[in-house]
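Q: Could you work out the structure for the sequence below:
(one chain, ligands or ions: 2)
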Amino acid sequence: MTMYKVPVIGGDGVGPEVIEEGKKVLRAAAEVYDFDIEWLDYPHGANYYLETGELIQEDTLRELKKYKAIYLGAVGDERVKPGVLEKGILLAIRFYFDQYINIRPIRLLEGIWTPLKNKGPKEINFKVVRENTEDFYIGIGGRARKGLSNYELDIIRELYSVKFGLDIDSDSDEIAYQVGMISKEGTERVIRYSFELAQSSKKHVSSADKANVISMYEFWREVLESVAADYPDVKVDFNYVDAMAMWFVKNPEWFDIVVTPNMFGDILTDLGAMIQGGMGFAPGGNINPQGTSMFEPIHGSAPKYAGKSRANPIATIWAGAMLLDHLGEKEASNTIVGAIEQSISKCNVKTYDMGGSFKTSDVGDEIARIILEAPVG
Ligand code: IPM
Ligand code: MN
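A: Residues are numbered from 1 along each chain as shown. Ligands and ions are numbered 1, 2, ... in the order given. Now for the predicted structure:
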């Protein structure tokens, strides 16, 4: 029997609750499809940080490198300054493992209500491939007060290293700045991944940028054009991100594979989550095809709902299905997604966000029951 060891970080807020349901459902799928999962629990998150001062140490990251996939709930807590846990744990993992692809399916499952009333599961079914390590996320920014100042800024990556020397001479009281950067290698690899993905899909790649204002994205377009030349059978279109936001709502059926720089992908996938029914239904995978990947719901830790059994665990369960697919358990993965659809459309087990009154654990119980009793898929 195949045995998978999967590190799990429940994290903060509703994270541990939704992860519990994910584990429950994946355990059911493992039973039916004859494999085994050993969960390796990690305590990282706000409590652990407040108790020990550790966000996530190099030692821990090195240890995680042994595994192919990590399962994550959510990080973020009101007791800690915004950004500390997000950067110190979530982005630390994405960057350390060079998870350069952030894949986020936008798919309306059977039985889920979307504000786009006249669009159904056929119209809302595409994937966003978000570049996940560059752009305005490289962590280079700061403030400078009136006068002269100088900063040395380093970006050290496996793929390359870049140094910026920044001389500031300012007569403003104080300025804040951020340096965005995309590299040829970093852009090329994520775009190539999108074109490969399009091969087994509808052969249509749509790119989002803001090349009319931000020159870094002219470079994005150039790289995309050069990669596209290797895939003459794939239809390509370029879009400005603001227009893309409009098309997501107006004509979601146009899209197949949407490829974006980091920040625009972050924004567009929250919009994508809404058209697929809400944050409770939006999973994501942070992928390094050769290394350690991480699967998580795209929602945050929702501290307001922590411990109340109200959170919808479907995004996390679906992220677990993506994790299994990544490990090679395609059938088990499809069965989980089918069982999610059944639990909503046939069995009517709905949490508060869907207008129901079932608890977080009821949803996991129901989906696991469907898998064990009548595997669909
Ligand atoms: C996401 C989140 C993160 C991001 C934050 C928490 C750093 O919004 O996964 O979409 O911006 O990538
Ligand atoms: Mn986001």
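
Q: quick one: is stretch 82-90 near ligand 1?
A: Yes: Stretch 82-90 reaches ligand 1 (Cβ under 6 Å from any ligand atom) through 86, 90. For the C-beta atoms, the positions are set from N, CA and C on the backbone; glycine is no exception.

Q: That stretch: how far from the chain's middle?
A: Taking the mean of its C-alpha atoms, stretch 82-90 sits 15 Å from the chain's own mean (Cα atoms, centre = their mean, to the nearest Å).

Q: Same question for it: list its buried residues.
A: Neighbour-count burial for stretch 82-90 flags 85-86, 88-90 (criterion: 16 or more other Cβ atoms under 10 Å).

Q: can you list the domain ranges for the chain.
A: Per automatic domain parsing, the structural domains of the chain span 1-110+277-377, 114-126+182-260, 135-181.

Q: Distance of A332 relative to G320?
A: 10 Å (Cβ to Cβ, to the nearest Å).

Q: Identify the contacts common to these two.
A: Residues touching both A332 and G320 by Cβ atoms under 8 Å, 6 or more residues apart in numbering: none at all.

Q: quick one, which of those two is more surrounded?
A: Taking neighbours as other Cβ atoms under 10 Å, A332 and G320 compare with G320 leading, 33 against 25.

Q: Now the element after the helix or strand harbouring the more buried one, going C-ward?
A: Taking DSSP states H and E as the definition, G320 sits inside helix 314-327. Using DSSP H and E, the helix or strand that follows helix 314-327 in sequence is helix 330-345.

Q: list the helices and strands that next one packs on?
A: Secondary-structure packing of helix 330-345 (3 or more Cβ pairs under 8 Å, 6 or more residues apart in numbering; DSSP states H and E): helix 15-33, helix 314-327, helix 360-373.

Q: And for the last one, what's in contact with it?
A: Outside of helix 360-373, the residues that reach it under the criterion Cβ under 8 Å, 6+ apart are 14, 17-18, 20-22, 24-25, 27-29, 31-32, 309-314, 317, 335-336, 339-340, 342-343, 347, 349, 351, 358, 376.

Q: Show me which residues of that helix are buried.
A: 360, 362-371.

Q: what's near enough to touch the residue of the stretch 201-350 of the chain found nearest ligand 1?
A: Closest residue of the stretch 201-350 of the chain to ligand 1, Cβ to the nearest ligand atom: D266 (4.4 Å). By Cβ under 8 Å, 6+ apart, the residues touching D266 are R130.

Q: so which strand or helix has it?
A: helix 262-275.

Q: Measure how that helix sits relative to helix 314-327, angle-wise.
A: Angle, helix 262-275 to helix 314-327, by axes from the mean of the first three to the mean of the last three Cα atoms, to 10 degrees: 120 degrees.

Q: Helix 262-275: how far from the chain's middle?
A: Worked out by Cα atoms, centre = their mean, helix 262-275 lies 10 Å from the chain centre.

Q: tell me which residues in that helix are buried?
A: For helix 262-275, a neighbour-count test (16+ other Cβ under 10 Å) marks 262-266, 268-269, 271-275 as buried.

Q: and if you look at stretch 38-45?
A: Here stretch 38-45 shows 39, 42, 44-45 as buried, counting by 16+ other Cβ under 10 Å.

Q: near ligand 1 at all, that stretch?
A: No: using Cβ under 6 Å from any ligand atom, stretch 38-45 stays clear of ligand 1, coming no nearer than 12.9 Å.

Q: same question for that stretch, mean pLDDT?
A: The pLDDT scores in stretch 38-45 average 98.

Q: what residues does that stretch touch?
A: For stretch 38-45, contacts defined as Cβ under 8 Å, 6+ apart pick out 3-12, 15, 23, 54-56, 60, 67, 71, 75, 77, 85, 89.

Q: quick one on the thing from earlier: what packs against the helix holding G320?
A: Helix 314-327 packs on helix 15-33, strand 69-74, strand 283-287, strand 293-297, helix 330-345, helix 360-373, going by 3+ Cβ pairs under 8 Å, 6+ apart.
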